[in-house]
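Trainee: quick one, what's the 3D model for this:
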Amino acid sequence: MSNNWEMVIGLEVHAQLKTSSKLFSSSPNQFGSEPNENVNFIDSGMPGMLPVLNFGCIEMAIKTGYALNFKINKYSVFERKNYFYPDLPQGYQISQFEFPILSEGFINIDSGDNQKKIRIERAHLEQDAGKSIHDIDPKYSFIDLNRVGTPLLEIVSYPDLSSADEVINYMSSLRQLLMYIDVCDGNMQEGSLRADVNLSVRKKGQELGTRCEIKNLNSFKFIKQAIEYEFQRQINIIDGGGEIEQNTMLFDTSTGETRAMRSKEFSHDYRYFPDPDLLPVYLSQEQIDKIKPSVGELPQDKLNKYLDNYSLDKDIAKIIITEKQNANLFEKMISESNVKPKFIAAWLVGDIFAFIKENNLEVNSLNDKTKDITDLLRLISDDVISNKAGKEILPKVLNGEGKPSELVKVLGLEQVSDSGELEKIIDEALVGEEENILKFQGGSDRVLGYFVGKCLKATKGKGNPKLINKILLERLNKK
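Mentor: Next comes the predicted model:
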């Protein structure tokens, strides 16, 4: 760290839950609607309108509790967090404070070559606020209340993170888990997952410094930039003889700088008290246990399975488990064929993922083509066609232009694997090559490549390279 300084970071991550309706109203919970389209009397704070808890949000919180090793609390309370802002019609936010639904969890992340345990203090349910829009008119601001009441799960870590890279790894792991258990779509561009970064600096071994909170960061790039800028800003202030003020900061994406929005509030500033319109939530152990099977197989479970059962390289296995839909496609291909999983994995993370990226497709769009894909891979692994021919045919298979076996015949790409035919071609290729044969026998491996190329040319690229190589070695070692 710069000049023996170190950063200390805790995160407050807001994950938007994938429910069809909002936390306390029946309004649609969806992105991209016309302004103020998804708003009813409860969302707009009309007098006398009573909130009704969407129990689906409780179930999603419980799933998250299992995935993140939380204690799932049978008793939790919704409270009013009081503050005034134009996009908060009720004049308060319904949240959880003293009694959250989840407490004391953790997640393991990669930190250098090791794993690091990041403790998570709590996770609580709360409703989102609306959106103020200031760039449409030079004189007026506009309010879109579509987001009011959107269900959020706020996940609050302890200050266990000590670098921008660790924060990115933590956010990536958290996003991956939430998407795996299907409680959040992880779309940071749409605001479905965003982070508030609490950062302070200190000399190594000293007490914690005064923290500043950088609000509403919704991309890994901006999170990293904001952390690195704020770290240096605080060091410069202290080195210059100043003191850090506990402020809420905004990150300006156009300048790459943080700037103060307001002095940091404390919990007593919000005058929390239990919401009189909502009863406490009491959960039975039976209700909690009922949710556990829906959590499913988590990324680390899949990674271990791929390494132990399929002998995949760790880097390839990590790419596959990055997204749940990747893993689903991989496992579907395994279940529908007898092609070796390691062979499937290599093609999946190589040419198949490249095709998906180049054509801007969703991985799920290939789910109905897995049989054709594995049929093609079987032709390659059985040496019916060459690796090169497989690469030529794959895009046609993925575009639905025909079955692999049909395409092989139409394009004339079937390999020559007849030993007798190849022996004749090899014998002809060795005629007049006494000098190169002596070089090979003298230890020159490059000569073998020359002979293989000569034989492949004679077969117009259709000769089986493995068989040609085998027969050549037999012939050359006998001479």
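Trainee: could you chop the chain up by domain?
Mentor: Here the chain is described, according to automatic domain parsing, as comprising the domains 2-290, 297-411, 419-478.
Trainee: redo those as JSON lines? Include mean neighbour count and mean pLDDT.
Mentor: C-beta coordinates here come from the backbone N, C-alpha and C atoms, glycine included. As requested, the domains of the chain are exported to JSON lines (neighbours: other C-beta atoms under 10 Å; pLDDT from 0 to 100):
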{"stretch": "domain 2-290", "mean neighbour count": "17", "mean pLDDT": "94"}
{"stretch": "domain 297-411", "mean neighbour count": "17", "mean pLDDT": "93"}
{"stretch": "domain 419-478", "mean neighbour count": "15", "mean pLDDT": "74"}
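Trainee: any idea how far Tyr270 is from Gln16?
Mentor: Taking C-beta to C-beta, to the nearest Å as the criterion, Tyr270 is separated from Gln16 by 22 Å.
Trainee: the strands in the stretch 1-150 of the chain, which residues?
Mentor: Listed in chain order, the strands of the stretch 1-150 of the chain (DSSP state E, counting those that start in this stretch) span 5-16, 71-72, 75-76, 79-82, 92-95, 102-111, 114-127, 131-133, 142-144.
Trainee: the spatially most central residue of the chain: which element?
Mentor: For the chain, the residue sitting closest to the mean C-alpha position, by C-alpha atoms, centre = their mean, is Gln176 at 4.3 Å. With elements delineated by DSSP states H and E, Gln176 resides in helix 164-180, which encompasses its position.
Trainee: pull the contacting residues for Ile120.
Mentor: 68, 70, 104-107, 155-158 (C-beta atoms under 8 Å, 6 or more residues apart in numbering).
Trainee: sorry, wrong one. I was asking about His14.
Mentor: By C-beta under 8 Å, 6+ apart, His14 lies in contact with 128, 152-154, 193-196.
Trainee: got those as TSV, with distance to Ser26 and secondary structure columns?
Mentor: Listed next are the contacts of His14 as TSV, based on distance: C-beta to C-beta, whole Å; DSSP: H, G, I helix; E, B strand; the rest coil:
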residue	distance to Ser26	secondary structure
Asp128	16	coil
Leu152	18	strand
Leu153	20	strand
Glu154	23	strand
Leu193	24	strand
Arg194	25	strand
Ala195	29	strand
Asp196	29	strand
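Trainee: residues touching the residue nearest to the centre of the chain, list them.
Mentor: Residues in contact with Gln176, defined by C-beta under 8 Å, 6+ apart, are 186, 299, 321-323.
Trainee: tell me how far it lies from Leu348.
Mentor: Using C-beta to C-beta, which is the criterion applied here, Gln176 is 18 Å from Leu348.
Trainee: same question, Asp165
Mentor: From Asp165 across to Leu348, the span is 27 Å (C-beta to C-beta).
Trainee: before we move on, what about Ser294?
Mentor: Computed with C-beta to C-beta, the distance linking Ser294 and Leu348 is 27 Å.
Trainee: and Gly191, by the same measure?
Mentor: 31 Å.
Trainee: same question for Gln234.
Mentor: Distance of Gln234 to Leu348, computed by C-beta to C-beta: 45 Å.
Trainee: so Ile316 touches Phe343, yeah?
Mentor: No. Ile316 is beyond contact range of Phe343, at 11.3 Å (criterion: C-beta atoms under 8 Å).
Trainee: name the nearest residue to Leu17, sequence neighbours excluded.
Mentor: The shortest distance from Leu17 to any residue that is not its chain neighbour, by C-beta to C-beta, 6 or more residues apart in numbering, is 4.3 Å, and that residue is Pro151.
Trainee: can you pull the contacts of the one you found?
Mentor: Going by C-beta under 8 Å, 6+ apart, the list of residues near Pro151 reads 16-17, 19, 22-23, 29, 54, 57, 60, 125, 127-128.
Trainee: need those residues in TSV (columns: distance to Ala429).
Mentor: Converted to TSV, the contacts of Pro151 look like this (distance: C-beta to C-beta, whole Å):
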residue	distance to Ala429
Gln16	65
Leu17	67
Thr19	69
Lys22	74
Leu23	75
Asn29	69
Asn54	74
Cys57	72
Met60	67
Leu125	74
Gln127	76
Asp128	72
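Trainee: which one of the residues you listed is nearest Phe330?
Mentor: Distance from Phe330 was checked for each of the contacts of Pro151 by C-beta to C-beta. The minimum falls on Met60, at 26.1 Å.
Trainee: does Gly449 sit in a helix, a strand or a coil?
Mentor: Here Gly449 is recorded as helix under DSSP: H, G, I helix; E, B strand; the rest coil.
Trainee: so what's Ile62 up against?
Mentor: In this structure, Ile62 makes contact with 72, 101, 283, 287-288, 291, judged by C-beta under 8 Å, 6+ apart.
Trainee: among the residues you listed, name the ones in helices.
Mentor: Of these, the ones assigned to helices by DSSP state H are 287-288, 291.
Trainee: centroid-wise, who is the farthest residue in this protein?
Mentor: In the chain, the greatest distance from the average C-alpha position (C-alpha atoms, centre = their mean) is reached by Gly432, at 59.1 Å.
Trainee: where does that residue sit: helix, strand or coil?
Mentor: Gly432 carries the three-state label coil when classified by three-state DSSP.
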